[in-house]
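S.K.: pasting the sequence and the predicted coordinates here, then a few questions.
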Amino acid sequence: FAALTIAWDAGARRALGLRHPWRGMLRLDLPAATAALTLLPAAAYTATWAGWFASPLGWGRNWAQATGQGPYYFVFDSIRSWLAYHFQVLGFHTGLSTPHNYQSRPWEWPLLLRPVAFFYETRPGCGAAGGCSQAVLGVGTPVIWYGALAALIAAVAWYVATRDWRAGAVLTAYAAGWLPWFYYAVADDRTMFL
């Protein structure tokens, strides 16, 4: 999206008839776009970890000391522990390849073919012939989900017919969030869920 916004800025400058649209974009628009699309989101994400940084009780909070990677200054130890936490999460999720009954592949997601089971329990009795069961499933609301799928198909048709940049922006966002999962589904057969 950063590349898309600076290209739009340069395109707007060119549409106005400016002689050097890219030069003006680099000098005037790129610094603001960098702040808005990288620095502010990074600061907002880091701020969500304030409780973890403020307390020594968070999981992995003292990783630097526990692994003999410190002590340095307190601030650096906490940042190193925070980064180690992120790398551990990434390592777990990129290495997960155990088959699961509720796993699904990216090409199944738009059709809502397989929900995610968060909880399932059966009990005998309960006045039912086969007993009772209860489940908590993560599944999209069908009216909203399939309405969004219809809107996505309409956006593809609109973009192909008109090359409207607004439809292209929506499709770029959808593709950026969905298409990378195809690589992981095919290349390393990773366990993944909707």
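M.R.: Yep, that arrived.
S.K.: and residue 120, what does it touch?
M.R.: 133-136 (C-beta atoms under 8 Å, 6 or more residues apart in numbering). (C-beta placed from N, C-alpha, C; glycine too.)
S.K.: and it, helix, strand or coil?
M.R.: Following DSSP: H, G, I helix; E, B strand; the rest coil, we place residue 120 in the strand state.
S.K.: for beta bridges, what are the partners of it?
M.R.: residue 135 (DSSP bridges).
S.K.: quick one: it from residue 101, how far?
M.R.: 10 Å (C-beta to C-beta, to the nearest Å).
S.K.: so where do the helices sit in the protein?
M.R.: 2-15, 21-24, 30-34, 40-47, 50-54, 63-66, 74-95, 142-162, 165-178, 180-187 (DSSP state H).
S.K.: now could you export just the CA positions of the second one as PDB?
M.R.: Taking only C-alpha atoms (Å, rounded to 0.1, in the frame of the first residue of the first chain), the coordinates of helix 21-24 have been written out as PDB:
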ATOM      1  CA  PRO A  21       5.700  14.400 -10.800                       C
ATOM      2  CA  TRP A  22       8.100  11.800  -9.400                       C
ATOM      3  CA  ARG A  23      10.500  14.400  -8.000                       C
ATOM      4  CA  GLY A  24       7.700  16.300  -6.200                       C
END
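S.K.: roughly how far is that helix from the heart of the chain?
M.R.: 32 Å (C-alpha atoms, centre = their mean, to the nearest Å).
S.K.: buried residues, that helix. List them.
M.R.: 21, 24 (16 or more other C-beta atoms under 10 Å).
S.K.: likewise the last one?
M.R.: Neighbour-count burial for helix 180-187, with 16+ other C-beta under 10 Å as criterion, is recorded at 184-185.
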